[in-house]
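Trainee: Quick one, structure for this:
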Amino acid sequence: MSSQSIAYRTVPSFEAYVVTTSTEEIRESLLRTPSCLADFIEAWVQVGYGVRACQGNFETFLIVVMAIIDHWRNDPDILSYVTNKDAGGKSKVIQRRVESIFGECGFDHNLLDRDFLAEQTFRELYGNRPLSP
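Mentor: Numbers count the residues shown, from 1 in each chain. Below you'll find the predicted structure:
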């Protein structure tokens, strides 16, 4: 499968997760407030969507991460959160911005650790995840 087809298939999954997941929910998943793009991707993987998008393959996962980074650089609004509709039928868009890809951790971010994806894949396959299909 080509890099373009992987990106075409997975970036919408990441966007759908970020748009519908509040910062508080992401904070619960990460056990910290997301401060960089990699934190949002890490949360997406931890709930299982990222594992399914790359089928647990680390090389595919790195292509997915690069595609998300590229998409974010072209459109930083992808991290915005859209609230549920209120009584009047209107949703509110909450802008979320981050300044860097990997934050203070740099290339030591958990996201780039092969064991992180292996652990999340194991949890997705054998764990009790409430969001898993």
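
Trainee: Can you tell me the SS state at the residue lying closest to Lys85 once chain neighbours are set aside?
Mentor: Using C-beta to C-beta, 6 or more residues apart in numbering and skipping the chain neighbours, the partner closest in space to Lys85 is Ser91 (5.2 Å). (Glycine included, C-beta is placed from N, CA and C.) State at Ser91, reduced to three classes by DSSP: H, G, I helix; E, B strand; the rest coil: coil.

Trainee: Distance of Glu99 relative to Asn84?
Mentor: Using C-beta to C-beta, to the nearest Å, Glu99 is found at 28 Å from Asn84.

Trainee: so where do the helices sit in this protein?
Mentor: 3-20, 23-30, 37-46, 49-54, 58-74, 114-126 (DSSP state H).

Trainee: which of those helices is buried the deepest?
Mentor: Highest mean neighbour count among the helices of the chain (mean count of other C-beta atoms under 10 Å): helix 37-46, with a mean of 24.

Trainee: Distance from that helix to the middle of the chain?
Mentor: 4 Å (C-alpha atoms, centre = their mean, to the nearest Å).

Trainee: ok, now stretch 106-117?
Mentor: The answer for stretch 106-117 is 14 Å, by C-alpha atoms, centre = their mean.

Trainee: Could you pull up the mean pLDDT of that stretch?
Mentor: Taken as a whole, stretch 106-117 has a mean pLDDT of 90.

Trainee: Give me the contacts around that stretch.
Mentor: Stretch 106-117 is contacted from outside by 36, 38, 41-42, 45, 51, 54, 56, 58, 61, 65, 102-103, using C-beta atoms under 8 Å, 6 or more residues apart in numbering.

Trainee: and the two most separated of those residues?
Mentor: Maximum pairwise distance in the contacts of stretch 106-117, criterion C-beta to C-beta, is 25.1 Å, between Gly56 and Gly103.
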